[in-house]
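Student: Starting from these lines, generate the structure:
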Amino acid sequence: MSSEFFRFEDTEYDIPFYKENPSLTTSKISVLILGIIIVFISPFVIPIEGYDIPKALIICLATLIPVTYALNGKLSMIFRIPKARDIIPIILGIIGVFALNILMGIILNSMGIVSTNDSAINNNATLMFITLIIQLMGEELFKFILLVLVLYATYKSLGRKVAILLGIVVSQLLFSLLHIPAYGFNLPQLLLSLGVAWSVLPVIYVKTKNIVVVYIIHLLLDLMGFVSMFG
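Tutor: Purely as a prediction, here's the structure:
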């Protein structure tokens with residue numbers, strides 16, 4: 001195994017772009033950044049209530065189309081049917097997010113910070129389910145784009161491992177801030193409960209190099225939350 005890889009990584013596949021695999025042209029970088037901008041501003045300009053599916057479609061397509069273009073249509077580089085070996089990362093991912101959420105909740109309580117409920121939650125269970133299926137893929141691609149852009153920009157100067165860690169920090173930070181309209185400006189909660197606790201998912205991506213795996217984890221976690229909420 002190359003010393004550039006973390007010990008936990010599956011080395012059958014690699015993260016795209018940073019080694020020109022495929023190459024990132026100026027036009028590809030521009031399209032990826034445009035997708036990031038569209039996704040980031042959409043929750044701030046689209047009303048929380050009444051536009052669930054349109055917003056979800058914008059978030060999904062604004063990331064999926066640029067990623068497809070940047071990968072020259074070779075989506076199998078990041079989208080693959082999970083194998084039996086992926087069951088353990090999925091289980092560990094769910095447990096990891098749960099455990100970190102509990103820990104972050106304890107920290108927030110010790111700081112006297114009251115957690116804010118997600119105001120984007122809709123009472124229509126069917127609508128919420130459809131919205132989740134669409135939007136969560138866009139959210140995972142949003143983080144993927146940020147990770148690969150940071151890795152591409154800093155790989156030669158920082159090395160692969162440090163560049164990946166930096167990419168995870170940047171992607172989780174912006175992922176947290178993306179939820180400001182839903183949670184309000186409760187920055188400690190956003191940064192700890194979303195930024196830190198959910199950092200398990202990009203780590204799982206780095207291990208598997210498969211967006212489908214992290215999408216499944218994200219979807220299952222959110223569905224568990226909504227099932228308990230709707231009773």
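Student: now the helices: where do they sit in this protein?
Tutor: Along the chain, counting by DSSP state H, helices occupy 26-45, 52-70, 87-110, 125-158, 160-177, 180-183, 187-189, 200-208, 211-230.
Student: in the second one, what's buried?
Tutor: In this case it means helix 52-70. 52, 55-56, 58-64, 66-67, 70 (16 or more other CB atoms under 10 Å). (C-beta placed from N, C-alpha, C; glycine too.)
Student: pLDDT value on the spatially most central residue of the chain, please?
Tutor: For the chain, Glu140 is the residue whose C-alpha lies nearest the centre (CA atoms, centre = their mean; 3.3 Å). pLDDT for Glu140: 98.
Student: give the contact list for it.
Tutor: Counting by CB atoms under 8 Å, 6 or more residues apart in numbering, Glu140 touches Leu201, Tyr205, Ile211, Val214, Tyr215, His218.
Student: about what we covered before: format the helices of the chain as a markdown table; extra columns: distance to Thr116.
Tutor: As requested, the helices of the chain are exported to a markdown table (distance: least, CB to CB, whole Å):
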| stretch | distance to Thr116 |
| --- | --- |
| helix 26-45 | 15 |
| helix 52-70 | 19 |
| helix 87-110 | 10 |
| helix 125-158 | 18 |
| helix 160-177 | 13 |
| helix 180-183 | 5 |
| helix 187-189 | 6 |
| helix 200-208 | 21 |
| helix 211-230 | 14 |
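Student: any idea which of these scores lowest on pLDDT?
Tutor: Among the helices of the chain, helix 180-183 scores lowest, with a mean of 84.
Student: distance between it and the chain's centre?
Tutor: 16 Å (CA atoms, centre = their mean, to the nearest Å).
Student: May I see the buried residues of that helix?
Tutor: Neighbour-count burial for helix 180-183, counted by 16+ other CB under 10 Å, picks out Pro181, Ala182, Tyr183.
Student: What is the neighbour count of the nearest residue to the first one once chain neighbours are set aside?
Tutor: With CB to CB, 6 or more residues apart in numbering as the criterion, Pro181 has its nearest non-adjacent residue at 4.4 Å, and that residue is Pro43. A total of 19 residues lie near Pro43 under the criterion other CB atoms under 10 Å.
Student: Quick check: Pro43 touching Phe175?
Tutor: No. Using CB atoms under 8 Å, Pro43 is not in contact with Phe175; the gap is 11.5 Å.
Student: List the residues that contact Phe142.
Tutor: Counting by CB under 8 Å, 6+ apart, Phe142 makes contact with Gly35, Ile36, Val39, Phe40, Ile59, Thr63, Ser171, Leu174, Phe175, Leu178.
Student: Repeat the analysis, applying 7 Å as the threshold.
Tutor: By CB atoms under 7 Å, 6 or more residues apart in numbering, the contact set of Phe142 is Ile36, Val39, Thr63, Phe175.
Student: now Tyr51
Tutor: By CB under 7 Å, 6+ apart, Tyr51 has no neighbours at all.
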